[in-house]
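Peer 1: the sequence isn't on hand, but the structure is:
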């Protein structure tokens with residue numbers, strides 16, 4: 001039987017990226033891992049996932065959750081650092 005760590009391990013996203021998708025879509029992490037994997041492999045997956053993380057940052061700021069917003073900014077920095085070709089194309 002697969003546990004959550006097994007499911008996350010099969011996804012091409014980090015746990016933090018999966019958590020951002022879970023927060024954005026209001027779904028459990030197991031569902032978010034499948035969704036994140038689907039998104040990241042789509043033609044415009046990188047900008048979509050980047051937008052999800054940015055949306056989560058804005059929501060956290062609106063709600064006054066400064067620590068969560070700071071954590072998500074770090075997630076976004078890591079995401080951007082791991083997708084430099086996206087930035088080189090002038091889309092970042």
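Peer 2: Structure received. Since the structure is predicted, the reported quantities are computational estimates derived from the model, not experimental observations.

Peer 1: distance of residue 9 relative to residue 42?
Peer 2: Residue 9 is 21 Å from residue 42, where distance means Cβ to Cβ, to the nearest Å. The C-beta positions use only the backbone N, C-alpha and C, and glycine is treated the same way.

Peer 1: what does residue 50 give?
Peer 2: Shown here: residue 50 relative to residue 42, a distance of 13 Å by Cβ to Cβ.

Peer 1: phi, psi of the closest residue to residue 41 other than its chain neighbours?
Peer 2: With Cβ to Cβ, 6 or more residues apart in numbering as the criterion, residue 41 has its nearest non-adjacent residue at 7.1 Å, and that residue is residue 12. Phi and psi for residue 12, reported as degrees, to the nearest 10, are phi -90, psi 30.

Peer 1: so what's residue 12 up against?
Peer 2: By Cβ atoms under 8 Å, 6 or more residues apart in numbering, the contact list for residue 12 reads 37, 40, 41.

Peer 1: most centrally placed residue in the chain?
Peer 2: With distances taken as Cα atoms, centre = their mean, residue 17 lies nearest the centre of the chain, 2.9 Å away.

Peer 1: in which helix or strand would I find that residue?
Peer 2: helix 15-25 (DSSP states H and E).

Peer 1: got the contact list for that helix?
Peer 2: Contacts of helix 15-25 (Cβ under 8 Å, 6+ apart): 8, 11, 13, 27-29, 31-33, 35-36, 39, 49, 52-53, 55-56, 59, 71-72, 75, 78-79.

Peer 1: and the helix or strand hosting residue 55, what does it pack onto?
Peer 2: Assigned by DSSP H and E, residue 55 belongs to helix 45-62. Applying 3 or more Cβ pairs under 8 Å, 6 or more residues apart in numbering; DSSP states H and E, one finds that helix 45-62 contacts helix 15-25, helix 29-40, helix 66-81, helix 84-88.

Peer 1: now do it: distance to the chain's middle.
Peer 2: Distance of helix 45-62 from the chain centroid (Cα atoms, centre = their mean, to the nearest Å) equals 8 Å.

Peer 1: buried ones in that helix?
Peer 2: Buried residues in helix 45-62, counted by 16 or more other Cβ atoms under 10 Å: 45, 46, 47, 49, 50, 52, 53, 54, 56, 57, 60.
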